[in-house]
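> Provided below for reference: sequence and predicted model.
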Amino acid sequence: MQMKKLLSTGLIYSISIAAAIGVTHDASAQKLEKRLPGLWEIQLGESPLTAMLESMQKSLAKLPAAQRKQMEEMMKGSGASLSKPGVIQQCVTPEMAARDFEMHNDDPNMQCTTSYKPVSSSEGRFTYVCKQDGDNLKGEGRIWDASAKHYKSEMTMQGISDGKPRTMTISQTAQWVGPDCPASLKTP
């Protein structure tokens with residue numbers, strides 16, 4: 001798994017709130033409140049992931065209009081946009097909100113196992129281990145101050161990618177903006 005893949009995996013898990021895990025093993029355990037569907041802004045803390053996103057934004061700006069539009073369309077397909085440095089806009093559909101805060105992985109070749117422990121109705125701790133093509137990625141973190149309209153999360157990922165050890169910490173604060181997503185973020 002290349003470093004960009006490791007960072008991309010971190011972004012996917014960070015956006016999907018790796019913390020996750022509205023699924024618990026104990027029916028009496030507390031679950032985090034589900035997010036409201038609609039437009040969300042996710043502010044990323046300083047990390048290699050933030051630097052990568054800022055670099056992507058600069059690269060996009062330099063592309064010819066046709067290529068830039070193609071890249072923006074690819075991002076639109078996932079319901080996300082890089083509108084401001086360090087900020088990701090995400091369109092959360094009703095279906096996404098219904099399965100929230102579950103860890104989801106869009107890569108069918110990656111095998112992941114997860115564990116979640118609720119601390120309260122607004123906080124939980126999680127761990128995960130993912131394997132793909134001989135590379136391993138593990139992480140742990142927490143989500144807190146979680147409600148239908150906002151949350152904070154942080155996680156640390158460690159892994160072997162391209163035969164080299166990698167470590168990354170991701171923090172984020174997310175805020176619900178409103179029920180309507182701009183057309184540019186709606187998935188087809």
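Now that the structure is in, tell me what you want to look at. Numbering: from 1, shown residues only.

> can you pull out the strands in the chain?
Assigned by DSSP state E, the chain shows strands spanning 38-44, 80-84, 87-92, 111-120, 123-132, 135-144, 150-161, 164-178.

> lowest-scoring secondary structure element of the protein by mean pLDDT?
Lowest on mean pLDDT, DSSP states H and E among the helices and strands of the chain sits helix 3-15, with a mean of 48.

> in this structure, which segments are predicted with low confidence?
By pLDDT under 70, the low-scoring segments of the chain are 1-30, 47-53, 74-85, 100-106, 187-188.

> returning to what we had before: any chance of a markdown table for the strands of the chain, columns mean neighbour count and distance to Lys69?
To be clear about C-beta, it is placed using only N, CA and C from the backbone, and glycine gets the same treatment. Below are those laid out as a markdown table (neighbours: other Cβ atoms under 10 Å; distance: least, Cβ to Cβ, whole Å):
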| stretch | mean neighbour count | distance to Lys69 |
| --- | --- | --- |
| strand 38-44 | 20 | 21 |
| strand 80-84 | 16 | 13 |
| strand 87-92 | 20 | 17 |
| strand 111-120 | 15 | 33 |
| strand 123-132 | 20 | 31 |
| strand 135-144 | 20 | 32 |
| strand 150-161 | 19 | 31 |
| strand 164-178 | 16 | 24 |
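
> tell me which of the ones you listed sits nearest to Gln57.
Of all the strands of the chain, strand 80-84 sits nearest to Gln57, with 5.2 Å by Cβ to Cβ.

> reformat the strands of the chain as a markdown table; add distance to Ala61.
As requested, these are arranged in a markdown table below (distance: least, Cβ to Cβ, whole Å):
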| stretch | distance to Ala61 |
| --- | --- |
| strand 38-44 | 19 |
| strand 80-84 | 10 |
| strand 87-92 | 15 |
| strand 111-120 | 34 |
| strand 123-132 | 31 |
| strand 135-144 | 30 |
| strand 150-161 | 28 |
| strand 164-178 | 23 |
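
> so for Ser184, which of those strands sits nearest?
Minimum separation from Ser184 across those (Cβ to Cβ) falls at strand 80-84, 6.6 Å.

> still on that earlier bit, minimum distance to Ser55: which of the strands of the chain has it?
Closest to Ser55 of these is strand 80-84 (Cβ to Cβ; 10.6 Å).
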